[in-house]
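# the following comprises the amino acid sequence and a computationally predicted model.
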Amino acid sequence: MDFSKLTEVMRRLSLEAGDIIMEIYESDDFDVKSKSDDSPVTAADEAADAHISAGLRAAFPDVVLVTEEQSDSHTVDANTFLIVDPLDGTKEFIHRRGDFTVNIAYVEDGTPRSGVVYAPAKGRLFYTNAAGESVEEVGEMAKDSIGTTVPISVSEPDNKGLMVVASKSHRDQATDDYINKYSVNDMKSAGSSLKFCLVATGEADIYPRVGRTMEWDTAAGHAVLTGAGGHVVRFDDHTPLTYGKEDFANPFFIAYAPGVELKLP
């Protein structure tokens, strides 16, 4: 894989998809449909998916593509692939809360190697560069040139008072019970893959997810967090979270900065 080309293509497509999403988000109204699993989908999901998929297939025709909105891609058997969630946090989008993202990642041998997470309503763009290091782009995000970027890095956690981030839409008692095993200084809620990025920037120390997710929900954020020095492990045994699993379904997991003294369930 040419990682310089990959970074450029993923960054560009995420920004262009963000424009498509925001045009619908800022309209007076938009339709909401239900998929077969009763999860919501909007015209923004579908339009962003079509744009990203076309761009990735044109740039990397020989790489397997898995995307949330194309069910036929969910049956592929591969451990190296591109994976897309064109609009992660559809509930946040529907309720106009802003915590939604465009997620694009490249998984190699079961490990997210490169990724981009773009939160168009918040103007925050996180991605791994060709060296595998994570940055956040700030300032004017022009389509034709890379703007000002700053390197990001995980925090140095204080286990006597951790900063915890948890899901905004999927918080439950099981999550709270696990968080209560730690000494917590502050809690914040966020939607979509932004939770990974808050750990990657040091705005949080740990993000436990005790609930259902799919690989397209997590791969891009996982890559960004890894590039910033963090880790993502299974909730049950603290082994690394891997990709290319059957049906692309994740187990529960914990994303964290090194130095956090992880607790078992």
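In hand now; what should we look at? Residues are numbered from 1 along each chain as shown.

# from what I see, Ile206 and Gly259 are in contact.
No: counting by C-beta atoms under 8 Å, Ile206 does not reach Gly259; the two are 10.1 Å apart. Heads up, the C-betas are built off the backbone N, CA and C, glycines and all.

# need the residues touching each of the two.
Common neighbours of Ile206 and Gly259, counting by C-beta atoms under 8 Å, 6 or more residues apart in numbering, are Pro157.

# so which of those two has more stuff around it?
Per other C-beta atoms under 10 Å, whichever of Ile206 and Gly259 has more neighbours is Ile206, with 24 against 13.

# do you know how far the more buried one is from His231?
The gap separating Ile206 from His231 is 10 Å, by C-beta to C-beta, to the nearest Å.

# list residues touching both of those two?
Common neighbours of Ile206 and His231 are listed as Ala255, Tyr256 (criterion: C-beta under 8 Å, 6+ apart).

# how about residues contacting stretch 195-209?
By C-beta under 8 Å, 6+ apart, the residues outside stretch 195-209 that reach it are 117, 119, 124, 126, 134, 136, 152-155, 157, 162-167, 175, 178-179, 182, 188, 190, 218, 221-222, 224-225, 227-228, 230, 232, 235, 252-257, 260.

# now, which of these lie within strands?
In this view, those that belong to strands under DSSP state E are 117, 119, 124, 126, 134, 136, 162-167, 188, 190, 232, 253-256.

# mark which of the residues you listed are buried, thanks.
Restricting the ones in strands among the contacts of stretch 195-209 to buried positions leaves 117, 119, 124, 126, 134, 136, 162-167, 190, 232, 253-256, with burial counted as 16 or more other C-beta atoms under 10 Å.

# partners of the helix or strand hosting Thr149, with directions?
Assignment of secondary structure by DSSP states H and E places Thr149 within strand 148-151. Sheet pairing for strand 148-151, assigned by DSSP bridges, gives strand 134-138 (antiparallel).

# quick one: the top helix by length along the chain to strand 134-138, angle?
Looking only at the chain and at elements set by DSSP state H, the helix with the highest residue count is helix 3-25. With axes from the mean of the first three to the mean of the last three C-alpha atoms, to 10 degrees as the basis, helix 3-25 and strand 134-138 are set at 50 degrees to each other.

# sorry, back to before: any chance you could list what contacts the strand holding Thr149?
Asn129, Glu133, Ser134, Val135, Glu136, Glu137, Val138, Gly139.

# now do 10 Å
For strand 148-151, the surrounding residues in contact (C-beta atoms under 10 Å, 6 or more residues apart in numbering) are 125-127, 129, 133-141, 201, 227-228.

# that older thread, go through the longest helix of the chain and flag the buried ones.
6-7, 9-18, 20-21, 24-25.

# what pairs with the one helix or strand Gly115 maps to, parallel or antiparallel?
Secondary structure assigned from DSSP H and E places Gly115 in strand 111-119. Using DSSP bridges, the neighbouring strands of strand 111-119 in the sheet come out as strand 101-108 (antiparallel), strand 124-128 (antiparallel).

# from memory Gly98 sits against Ile21, does it?
No: counting by C-beta atoms under 10 Å, Gly98 does not reach Ile21; the two are 11.3 Å apart.

# overlap in contacts of these two?
With contacts taken as C-beta under 10 Å, 6+ apart, Gly98 and Ile21 have Pro120, Ala121 as neighbours in common.

# where does pLDDT dip in this protein?
Within the chain, the set of residues satisfying pLDDT under 70 comprises 32-38, 139-147, 168-171.

# what about stretch 248-264, how long is it end to end?
The distance separating the two terminal residues of stretch 248-264, taken as C-alpha to C-alpha, to the nearest Å, comes to 24 Å.

# return the distance of it from the chain's centre.
15 Å (C-alpha atoms, centre = their mean, to the nearest Å).
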